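A.B. asks: Structure, please.
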Amino acid sequence: MPLEDSYLGQGWSFPPSFELPSPATGATVGSRSPGGVQLVVGLTDIEQSLCILLSTRLGERILAPDFGCDLTTLLFEPLNAATETRVQHLIQTAVLYHEPRIELLGVTATQPDDQPGLLLLDLAYQVRNTNSRYNYVYPFYLQEGSDLSLAAGDSALGA
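C.D. replies: Predicted coordinates:
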C-alpha cells in the first residue's frame, strides 16, 4: 500500500491476516508491522471500517455497546419505502457517530431483480481531508438462503 494515503488512517486488515517472519532475516514479509499483522491504509482502511460498522449489531461489542448499525432488525422485512427510510437512518446515524473521516452524502437501497432477498446499499461519501467523493456498495441479505428458487415453488428436489 502506498504511504501517501497514511494520513487517512491505518489499521489491521479485515479479516485480520498475519505473515510469518522471513527465515533469513527474521523480519516480516509484506508488512510494515513488526508482529506480522497485515495493515491497510487510506481508502482501503475506510472501506473496511465501513464494512465492519455495517455488519456489527448494536451491543455486540462489550466495551463499545453503541458501536454498529443494527441492520439485522430489518431481516425478513418487505422492501418498501418505510424499510428503505429505516435503513438510511440506521446507516446515517452509525456513520455520523463512528466514522469521523467521512461525510455521508447519501444512501440508496436497491434490490436486484435476479437476486431476491439481496439488498444493495450504496453509500456515497466524501473524505473530509481531501474532499474526494467515493461510493461503497454493501450487500445486505434480507432473506437467508442460497437457493431461493426452491422457495418460489420449483420442484428441484424431485418430490
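A.B. asks: Flag the shaky bits of this protein, pLDDT-wise.
C.D. replies: Applying pLDDT under 70 to the chain picks out residues 1-8, 20-35, 142-159.
A.B. asks: May I ask you to name the longest helix in it?
C.D. replies: In the chain, taking DSSP state H as the definition, the longest helix is helix 81-98.
A.B. asks: Kindly format the C-alpha coordinates of it as PDB.
C.D. replies: Provided in PDB are the C-alpha atoms of helix 81-98 (Å, rounded to 0.1, in the frame of the first residue of the first chain):
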ATOM      1  CA  ALA A  81     -40.400   3.000   1.400                       C
ATOM      2  CA  ALA A  82     -40.600   2.500   5.200                       C
ATOM      3  CA  THR A  83     -37.900  -0.100   5.200                       C
ATOM      4  CA  GLU A  84     -35.700   1.900   2.900                       C
ATOM      5  CA  THR A  85     -36.100   5.000   5.100                       C
ATOM      6  CA  ARG A  86     -35.200   3.000   8.200                       C
ATOM      7  CA  VAL A  87     -32.100   1.600   6.500                       C
ATOM      8  CA  GLN A  88     -31.000   5.000   5.600                       C
ATOM      9  CA  HIS A  89     -31.500   6.300   9.100                       C
ATOM     10  CA  LEU A  90     -29.600   3.400  10.700                       C
ATOM     11  CA  ILE A  91     -26.600   3.900   8.400                       C
ATOM     12  CA  GLN A  92     -26.500   7.700   8.700                       C
ATOM     13  CA  THR A  93     -26.600   7.500  12.500                       C
ATOM     14  CA  ALA A  94     -23.800   4.800  12.600                       C
ATOM     15  CA  VAL A  95     -21.500   6.700  10.200                       C
ATOM     16  CA  LEU A  96     -22.100  10.000  11.900                       C
ATOM     17  CA  TYR A  97     -21.000   8.700  15.300                       C
ATOM     18  CA  HIS A  98     -18.400   6.100  14.400                       C
END
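A.B. asks: what packs against that helix?
C.D. replies: Here helix 81-98 touches helix 42-55, strand 102-110, strand 118-127, going by 3 or more CB pairs under 8 Å, 6 or more residues apart in numbering; DSSP states H and E. Where C-beta positions appear, they are placed from N, C-alpha and C, glycine not excepted.
A.B. asks: Make CSV out of those and add mean neighbour count and distance to residue 85.
C.D. replies: Putting the helices and strands packed on helix 81-98 into CSV (neighbours: other CB atoms under 10 Å; distance: least, CB to CB, whole Å) gives the following:
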stretch, mean neighbour count, distance to residue 85
helix 42-55, 18, 17
strand 102-110, 16, 9
strand 118-127, 17, 13
